[in-house]
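Student: Sharing a model prediction with you, sequence too.
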Amino acid sequence: MNYAVIWYIIGCVIRVEAILMLLPGIVGVIYGEKSGLLFFPLAVVFYLLGHLLCRKKPEKTRFFAREGYVVVSLSWLVLSILGAVPFVLSRTIPNPVDALFEIVSGFTTTGASILTDVEAMPKAYLFWRSFSHWIGGMGILVFVLVLLPIAGGQSIHLIRAESTGPQVGKLVPRMQRTAKYLYSMYFVLSIVQLVLLLYFKMPLFDALCDVFGTAGTGGFGVKGDSMAGYSAAIQNTTTIFMLVFGINFNFFFYLVSRRFRAAFGIEEVRWYFVIFFAACLGIFLNLKFVGGEAEPSLRHITFQVSSVMTSTGYSTLDFDKWPEFSKAVLVGIMFTGACAGSTGGGIKVARFVLYTKQVGVKVAALIHPRSVRVVKMDGQRVDDSVLSTCNTFFIIYSFIFAASVFILSWDNMDFTTNFTAVAATLNNIGPGLAGVGPAKNFAEYSNLSKLVMVFDMLAGRLEIFPMLVLLIPATWKKNG
Amino acid sequence: MKIIVVGCGKVGSVLAEQLNKEDHEVTVIDSNSDKLELMLERLDVQSYMGNGSSYKVQMSAGVKQADLLIAVTSKDETNLLSCLIARKAGNCHTIARVRDFTYYDEINFIKDELGLSMYVNPEYEAAREIARLVQVPSAMELDVFAKGRVNMVGIKVEERSVLDGMRILDVRTKINGNILVCIIERGGEVIIPKGQDFIRKGDNVSFIVPISEMTRVFQRIGAVTKPIKNVMIAGGGTIAYYLAVMLKMARVNVKIIERDKARCEFLSEQLSDAIIIHGDATNQELLLEEGISTTDAFVSLTNMDEENIMLSLYANEISQAKLITKVNKITFNNVIRNLPIGSIISPKNIIAERIIRYVRTVKTTPGSNVETLYRINENVEAIEFKVKNAVKNIVDIPIMDLKIRKDLLICAINRKNKFFTPNGKDTIQTGDLVIVVTSCLGLNDLSQIIEE
């Protein structure tokens, strides 16, 4: 293990976080909140801490996949712990576990909250909470890579560990340029949404937080009723942008570089929309014929579906009151999630496409035992190693899911609550059903359960493997 | 520049690594996903799996935006087709590796018709380098500058050499020749020496010397220059073939030992003057019988690096012959360099060097052209600049007033075919050929020799 490089990169991450902490401080100044001023001294302290760690550039910059995983998962842990400090010190969220839960939920773009009264929170802290979505959405290490070139070719290990999806590639030959492209698309799309929201007369602060939540597919609201209180135009804009941010960013890159055929040829994106429309249709019919609504509102349905599917977690109504089939559909799309290489969470449409294709191949082999078929995606053969990693992912995912449900059950809530709480955190959605439905929150759970969900959120965001590497003793052995 | 490299074999990966180091945006194409994965983990490049000569693959690899496509797969046909397609689809510069000598004979026609910017033939280039070394027996390494008028020669300083213990400042007066020591390699370390440094025994010293003074300088140094008359070559591959042809023109007797009967017959048909021996070069008896102990030079060119190294070690034991060893695959440079196996020839590095030289020339620079470029090892380059027009802050200023980079040495200036080693009062002028040695890799313009 190359510890020098690991500390160096973590130092960079801390410095970046310190600088970003100035923004909520400024918000505090604007709104004249005394408690918000706390961000300034903290930013200074953290900056110095980060500076201490990356004061010396390591001589040996070579690192491998193992270091990549460790750097990414440790960075996210450190990021979260430091991010929770303002909440604890300002006593806005006095319990450290609650504060950690809240900020992890922010960085991992989950949007699950333990706050019982959101609107009582000072604006600076609301801003920090929402802003953490935006930082976490595209990834903090990708951001660090934009700022400084780390270790030439090996930076691919960082991106692979942090980005989502079964196959992570580059858009352009240089990693740093790739990171820049990703962030500029992210930035531009965010700005477009902000302008639209302001045009539809959303207050600036609310609009900013809405954009952060949508772009990162996070879902922290600044109002107690999430997005229900805003106008239809604002809600529809948010629906569309939630969907947009759930699309694989390769799609936008192809569009920008005018390779339209390549863009619309991405199988995953097509399936993503198929799933979206199918879910909307299912819920529409269910509401009409079982729910007894004469004219189910398309606006609400599309909003809820795109919010849950992209793992954002905003809501315009309490979907816990919907009929059972609709709820089942929502739970279903919690798992499929958004596209790989987007800011969204879940297992990812790409993986499901691969799972389905593998099933197809196996079933065909039942009929023609000697038939040879390879799994293809976007016209390219998918390597066996990718497939097996993909399958292993699902297995570990299921184990972690089951173990988490068991631990949460100790708190003696009903099964739906526990099940959807884990689904909502491991898939980075936010709200679940029943006790953790859109109108409720996660405050009821014990500290242990909250820590389990903190792990789930991090594991969900980093797609499990980096977090697992941390837990394997061999990682830390000198000759392991 | 945006560069696409088709094929990541030995040459391809060396190229991608070098180009990547020089800040080009490199995309590699190969049909083997494992090789691509290895590249991706090591270098900051982009990769595409597929057939490099396919239009579709090239398009998705961005041939439209590319400045240069280099095709170095193991198949000539693939390389040529890749270049043709890239030329038509993307209008970029193209470089192809062409090694089959049926094509190589017709290469000028092919080059014109396909619009190739350059072709490279690793075997031919390697043979040429070996032939040069054979002709200057005392040199471990030999690089030519100024179209052959100036050489950079690498020699090993032996136990009782006059150079042992000599100060760099005094070399000129004591040897009494137009010579400048540019590089000292000592125990794996490379030094660009200053006037106060000393040469010690065991060093590998490279110096610049005009070709007209070479014989005299070698005599002064005490390096015997008995011309080589007989060369024994182990392994009758393509390099051996080209080498035999070249040596025949220089009236050197060639003996090739080759394992494969059919290949022997082919060689004997093509090379009527050479002696072709059918047998295993690793057989000691055979080597002795064929006179390894008395040959003037022994060149090991079999397909196995390990075999070549062993053969040269053996030849070193029992003969005084000049040794040249082909090492193409093995990457333990530090270990190999310390073995007594004579000059080491690596076709892939020679080719990579040639192509990188070309890339630097293509890069449009205002004041100067890179004429020649040699990698002395991984860390030092010797570059020859042609000064096209007045470069600001450099031309016509006495060298002692220039803030030359610390890691760079101006070795020689060639002005109107006259070669001299500049001192502080000299100036660089338009039209000069300027040879510099530097450990700062990637220079492509004369203006970069001063500190920013």
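Tutor: Okay, I see it.
Student: mind listing what's buried in the helix or strand harbouring B:I4?
Tutor: B:I4 belongs to strand B:2-6 when assigned by DSSP states H and E. For strand B:2-6, the buried set under the neighbour-count rule, 16 or more other CB atoms under 10 Å in any protein chain shown, comprises B:K2, B:I3, B:I4, B:V5, B:V6. For glycine as for every other residue, the C-beta is placed from the backbone atoms N, C-alpha and C.
Student: repeat for stretch A:232-248
Tutor: A:234-248.
Student: Out of the residues you listed, which sit inside helices?
Tutor: Using DSSP state H, A:I234, A:Q235, A:N236, A:T237, A:T238, A:T239, A:I240, A:F241, A:M242, A:L243, A:V244, A:F245 are the members of the buried residues of stretch A:232-248 that sit in helices.
Student: Determine whether any part of the next helix or strand after the strand holding B:I4 lies close to chain A.
Tutor: Under the assignment DSSP H and E, the closest C-terminal helix or strand after strand B:2-6 is helix B:10-21. Yes. Using CB under 8 Å from any CB of the partner chain, helix B:10-21 reaches chain A at B:N20.
Student: now the angle from helix B:10-21 to strand B:2-6?
Tutor: 160 degrees (axes from the mean of the first three to the mean of the last three CA atoms, to 10 degrees).
Student: Can you give the contact residues for the helix or strand just after helix B:10-21?
Tutor: Downstream of helix B:10-21, the next assigned helix or strand under DSSP H and E is strand B:25-30. Residues outside strand B:25-30 that contact it (CB atoms under 8 Å, 6 or more residues apart in numbering or on different chains): A:172-174, A:177, B:1-8, B:12, B:16, B:19-20, B:36, B:39, B:43, B:45-50, B:52, B:57-58, B:61-62, B:66, B:73.
Student: Leaving out chain neighbours, which residue sits closest to the residue of chain B positioned farthest from its centre?
Tutor: Distance from the C-alpha centroid of chain B, by CA atoms, centre = their mean, peaks at B:K56 (34.7 Å). Of all residues not flanking B:K56 in the chain, B:G50 sits nearest, at 7.7 Å (CB to CB, 6 or more residues apart in numbering or on different chains).
Student: In terms of pLDDT, where does the one you found sit?
Tutor: As predicted, B:G50 sits at a pLDDT of 88.
Student: Just read off the phi/psi values of it.
Tutor: phi 150, psi -180 (degrees, to the nearest 10).
Student: Now do the same contact list for it.
Tutor: If you count contacts by CB under 8 Å, 6+ apart, then B:G50 has B:I29, B:S31, B:K56, B:V57 around it.
Student: between those, which has the most around it?
Tutor: B:I29 (29 neighbours; other CB atoms under 10 Å in any protein chain shown).
Student: Any idea what that residue is bridged to?
Tutor: B:V6, B:Y48 (DSSP bridges).
Student: which stretches of the chain aren't confidently modelled?
Tutor: Here I'm looking at chain A. A:149-153, A:479-480 (pLDDT under 70).
Student: meant chain B, my bad for not saying
Tutor: Using pLDDT under 70, chain B drops low at B:223-225, B:363-368, B:452.
Student: What residues does it have near chain A?
Tutor: B:2, B:20, B:25-27, B:33, B:40-47, B:49, B:60.
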